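Colleague: prediction below, plus the sequence it came from.
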Amino acid sequence: MKIHPPLHLNLTNYPLLNSHPRQTQSMNNLASKSTQRTEQLPQALPPAERRYLSEAELANRWGIAPKTLQRWRNLGTGPMFAKFSKRVGYPLEGQGGVVEFEQGILYRSTSERQRNA
């Protein structure tokens with residue numbers, strides 16, 4: 001078996017690596033502008049300040065499986081929800097929110113629930 005020496009690349013053939021100083025400066029400016037844009041992106045809110053709960057967070061709060069929430073959405077029961085592209089969010093407060101839903105399912109006795117149904 002014959003072993004070949006490693007290949008050496010001539011980098012002068014690559015225009016981006018051997019560019020004019022003005023081009024290099026403009027490329028550096030673009031890189032700094034893109035860094036500035038990423039610094040301006042809003043940060044995620046801490047859980048105490050968020051207005052929506054994810055499916056996993058609500059399932060964890062109530063001690064149920066996320067699949068149960070999915071089934072409730074399909075049947076039209078359960079709390080109100082919002083769709084953010086493919087993600088589902090449950091409003092924490094306000095009309096139809098999680099807190100209102102929790103207040104609506106409170107009962108003093110088991111017979112009270114049957115009368116309201």
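Modeller: Arrived safely. Numbering: from 1, shown residues only.
Colleague: report the beta-bridge partner residues of Pro91.
Modeller: Taking DSSP bridges as the rule, Pro91 bridges to Tyr52.
Colleague: what does stretch 59-68 contact?
Modeller: Leu53, Glu55, Ala56, Leu69, Val98 (CB atoms under 8 Å, 6 or more residues apart in numbering). Bear in mind the C-beta positions are built from the backbone N, C-alpha and C, glycine included.
Colleague: so where is this structure shaky, pLDDT-wise?
Modeller: Applying pLDDT under 70 to the chain flags the ranges 1-50, 113-117.
Colleague: okay, now the domains of it?
Modeller: What automatic domain parsing lists as the domains of the chain is 8-41, 47-116.
Colleague: ranges for the strands of the chain?
Modeller: Counting by DSSP state E, the chain has strands at residues 52-54, 82-84, 87-91.
Colleague: and Ser111, which of these is closest to it?
Modeller: strand 87-91 (29.7 Å; CB to CB).
Colleague: any idea how far Ser54 is from Pro79?
Modeller: Remark: distance between Ser54 and Pro79 (CB to CB, to the nearest Å) = 13 Å.
Colleague: and the spatially closest residue to Arg51 that is not a sequence neighbour, what is it in contact with?
Modeller: Leaving aside its sequence neighbours, Arg51 sits nearest to Leu92 (CB to CB, 6 or more residues apart in numbering; 5.7 Å). Taking CB under 8 Å, 6+ apart, we find Leu92 in contact with Arg50, Arg51, Tyr52, Leu53, Val98, Val99.
Colleague: what's the neighbour count on the residue nearest to Ala56 when sequence neighbours are not counted?
Modeller: Among residues not flanking Ala56 along the chain, Pro66 sits closest, at 5.8 Å (CB to CB, 6+ apart). For Pro66, the neighbour count with other CB atoms under 10 Å is 15.
Colleague: the nearest residue to Gly94 once chain neighbours are set aside and Pro91, how far apart?
Modeller: Leaving aside its chain neighbours, Gly94 sits nearest to Glu100 (7.4 Å; criterion: CB to CB, 6+ apart). With distances taken as CB to CB, Glu100 is found 9 Å from Pro91.
Colleague: those two: which has the busier surroundings?
Modeller: Neighbours were counted for Glu100 and for Pro91 using other CB under 10 Å; Pro91 has more, 19 against 15.
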